[in-house]
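Enquirer: Would you be able to build a 3D model of this:
(chains A and B)
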2 protein chains.
Amino acid sequence: MSTKPRIVVLGAGYAGMMTTKKLMKKLSPEEAEIILVNKHNYHYQTTWLHEVAAGTINQNQVRIMIKDIINPNRVRLIYDTVVNIDKENKTVILENSELTYDYLVIALGYETNTFGIKGMEKHAFFIEDFESCQLIREHIEYQFAKFKNDPEADESSLTILVGGGGFTGIEFVGELVEKVPKLCKKYDIDRGKAKIINVEAAPSILPTFDKDLVDYGRKSLQERGAEILEGTRINECTEEGFLVGDNNELIKAGTIVWTGGVKGSSILGKAGFEITKGRVTVNNDLRVAGHDNIFILGDCAWVMNKEDNRPYPPTAQAAMQHASTCANNIRAILHNEPLEEFVFSDKGTVASLGVTDGMGKVIKDTKLFGKPAAAMKKVVDDRYLFLLGGLKLLLKKGKVRPF
Amino acid sequence: MSTKPRIVVLGAGYAGMMTTKKLMKKLSPEEAEIILVNKHNYHYQTTWLHEVAAGTINQNQVRIMIKDIINPNRVRLIYDTVVNIDKENKTVILENSELTYDYLVIALGYETNTFGIKGMEKHAFFIEDFESCQLIREHIEYQFAKFKNDPEADESSLTILVGGGGFTGIEFVGELVEKVPKLCKKYDIDRGKAKIINVEAAPSILPTFDKDLVDYGRKSLQERGAEILEGTRINECTEEGFLVGDNNELIKAGTIVWTGGVKGSSILGKAGFEITKGRVTVNNDLRVAGHDNIFILGDCAWVMNKEDNRPYPPTAQAAMQHASTCANNIRAILHNEPLEEFVFSDKGTVASLGVTDGMGKVIKDTKLFGKPAAAMKKVVDDRYLFLLGGLKLLLKKGKVRPF
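Expert: Residues are numbered from 1 along each chain as shown, chains lettered A, B, ... in the order given. As a prediction, this is how the structure comes out:
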């Protein structure tokens, strides 16, 4: 019987995968047992999901089998869904079993937040996981195929309505402006009939970006046929589309996708953690107050920036940095060493606007527009693959071919 | 003003395309004006449509731009839909114009025949044209994508129900047994959940094939997971599936495709031709009795076999042979020469059962099974491409790569 401490990592997203990988390296097999729990036997690139939803990427490029990255002889892999966490008894309840832990890493990622907009949950698709994005892709193409076979079909069935002009919404529209002309060609449909409409309640899309970047992005999308409706409040989502603005005007669409908000996994609330705006605020060592053996990472956590006493924005970049701090701190506990505090190191943010366009800011306020930005975005994506699975994975799934 | 006789060919299927191509060769530009009318600007491989519907072929391989085959400087190409034919005034009424003719070739192909089975028209898809088959393909994949995103989804939504065990139905099932496992893999669905069911009212599928060929085909499909229900009458098609047999048993399915029958274009009846079992019986020179200037070819025509006084089966092979007789006879009329009579030259029939399996009979009762049959089928498909567009087209769209 093993008396080694058992570390259980919940979720194989950016935070969970990187934590597990770092723990494998930092701890010897004699020091601790490591278990990774995930719903599927694959990890997927959350930040590429909008490309799956638009159908602009080969879906196999987005999925990575967990066992290709994590050695199953060193880490026990359990493919099951987390149902709840019993903190009293240090037990994770899975759909098909239960699992005790000594140290728990909660990295269960995000769920869509509709902010209670009426009908959104029922009638809109979400860019939420691999499967939901496959469905969006198939739904869009199905509208085009149906339009050609129904002489009574309304042109609005071809309209794709994207709620939310944040990062995901705008990157998704960037893919759509490239995908829709291809669908029009495939199904012999006049390009003018298929609309792409983005609706954002705030005065501007991409609120965290500087104005010149936003202006560039907006213009790029508009020039390729997208409509960007800013300062437009969505009152309700119906089967037909969005009801917007003071006059409750109906924007009809055959495909409705909501990208306007996310929150941490609903397991957090179920397990009795205190929730602030959908997430758990953790200490700067990434542990939850009152639970020295529980770490919460990635999209489930608010980590405070001590400089301005505001939380760091929860991004994939941050999630990967959480992983490093978390793995170091688990090792520190096992070695009776002091724990480190998380400090976010901003590598900049680049948004893609399709394959060949993009914009963003990298280190020291260097701004990028157009093709260099698109290339940089692919380099960012590839850097992660390299960190996760080395050169082998980069060559297999990478977006930039080094030769 | 031209005083040359005007030949109008309606339909760019196998019969219409080959007739036009042969007329181009046999008649000088001074001898006759030639006009080809077709709904779309492309010709498609009708006998490959089941592969489009299953999604096992790149759809671009199935479509050929008409102007790549027919020189538009020699033949006037009109892309429009035929609404009616006014034989009195020798005029074809199109959706957007009218067109007089001196000689008319009606090669408008087939429509689906549901034999009045209740609900079939409303609830089943048809393997009828390029667009209807794109829709079937998208509908099937959509069922798989939806199944993964709906925890309440019924497994029967993955079932594909194919009505009719004739040539098209069985070739379609042959593609499905290869496609469905791929879809299951793509969407992480257990193969056992996705059923493929073929329903045939007659005691046996493929009634025109010899018993040993039928036995081979049935076994091949069953071994790859298809259910073949022979001697099973479909009483009604509902939104949910087929009601079959004496007890009106319901077979539920998410995709229902009817392949059980075809008839000639409905324009034939509208134009006042005498219809027998959905087609017009023509003289052996392929002209209609009482109309010395109207030829009817391909799936619109019954051509009698004088040896047994029964009509030849209307196949793609026969349609192409009709084209040759028709072009020769139009030339004969213009040259005041005697007309020839059509005699079908049977080159055999090979059915594909997916990419690597098939069976059929070629010249002199030589039977083929398995891989040789599959290869022969591709050779047959390629032979047509060669006849239609020479080596260039064969290399571009062919199924067998010569090097």
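Enquirer: low pLDDT regions in the stretch 1-150 of chain A?
Expert: A:1-2 (pLDDT under 70).
Enquirer: pretty sure A:L158 is in contact with A:K195, am I right?
Expert: Yes. Under the criterion of Cβ atoms under 8 Å, A:L158 makes contact with A:K195 at 7.0 Å. Quick note: C-beta positions are derived from backbone N, CA and C, even for glycine.
Enquirer: and the residue in the stretch 301-403 of chain A positioned nearest to chain B, what does it touch?
Expert: The stretch 301-403 of chain A approaches chain B most closely through A:K397 (16.6 Å), counting by Cβ to the nearest Cβ. By Cβ atoms under 8 Å, 6 or more residues apart in numbering or on different chains, the residues touching A:K397 are A:Q61, A:I64, A:L385.
Enquirer: For it, what are phi and psi?
Expert: phi -120, psi 0 (degrees, to the nearest 10).
Enquirer: For it, give its distance to B:Y44.
Expert: Applying Cβ to Cβ, to the nearest Å, the value for A:K397 to B:Y44 is 36 Å.
Enquirer: ok, now A:V105?
Expert: Counting by Cβ to Cβ, the gap from A:V105 to B:Y44 is 56 Å.
Enquirer: between the two, which one's more packed in?
Expert: A:V105 (31 against 19; other Cβ atoms under 10 Å in any protein chain shown).
Enquirer: Next, the contact list for the residue nearest to the spatial centre of chain A, please.
Expert: Residue closest to the average C-alpha location in chain A (Cα atoms, centre = their mean): A:T46, at 3.9 Å. Counting by Cβ under 8 Å, 6+ apart, A:T46 makes contact with A:G13, A:Y14, A:G109, A:A316.
Enquirer: ok, and the most crowded of the residues you listed?
Expert: Top of these by neighbour count (other Cβ under 10 Å): A:Y14, with 29 neighbours.
Enquirer: what about the nearest residue to that residue once chain neighbours are set aside, is that helix, strand or coil?
Expert: Counting by Cβ to Cβ, 6 or more residues apart in numbering or on different chains, A:Y14 lies nearest to A:A319, which is 4.2 Å off, once chain neighbours are set aside. Three-state assignment for A:A319 (DSSP: H, G, I helix; E, B strand; the rest coil): helix.
Enquirer: What backbone torsions are found at the residue in the stretch 201-350 of chain A positioned nearest to chain B?
Expert: Distance from chain B to each residue of the stretch 201-350 of chain A (Cβ to the nearest Cβ) is smallest for A:T255, at 12.2 Å. Main-chain dihedrals, A:T255, degrees, to the nearest 10: phi -130, psi 130.
Enquirer: Go ahead and confirm it touches A:T159.
Expert: Yes. Assessed by Cβ under 8 Å, A:T255 is found in contact with A:T159 at 7.3 Å.
Enquirer: if we can go back for a sec, closest one to A:A201 out of the contacts of A:K397, please.
Expert: The nearest member of the contacts of A:K397 to A:A201, counting by Cβ to Cβ, is A:Q61 at 33.3 Å.
Enquirer: tell me the contacts of that closest one?
Expert: A:W48, A:K397, A:K399.
Enquirer: which one of the residues you listed is nearest A:F242?
Expert: Of those, the one sitting nearest to A:F242 (Cβ to Cβ) turns out to be A:W48, at 26.2 Å.
Enquirer: Validate this expectation: A:F342 resides in a strand.
Expert: No. Counting by three-state DSSP, A:F342 is not part of a strand but coil.
Enquirer: Look up phi and psi at it.
Expert: phi -80, psi 130.
Enquirer: Tell me the pLDDT of it.
Expert: In this prediction, A:F342 carries a pLDDT score of 95.
Enquirer: Not counting sequence-adjacent ones, nearest residue to it?
Expert: A:T325 (4.5 Å).
Enquirer: okay, now the one you found: neighbour count?
Expert: 22.
Enquirer: Where does it sit: helix, strand or coil?
Expert: helix.
Enquirer: Tell me who's in contact with it.
Expert: By Cβ under 8 Å, 6+ apart, the neighbours of A:T325 are A:D285, A:L286, A:E340, A:E341, A:F342.
Enquirer: residue contacts, A:D285?
Expert: A:T325, A:N329, A:L339, A:E340, A:E341, A:F342.
Enquirer: could you redo the last one with a cut-off of 7 Å?
Expert: Going by Cβ atoms under 7 Å, 6 or more residues apart in numbering or on different chains, A:D285 touches A:N329, A:L339, A:E340, A:E341.
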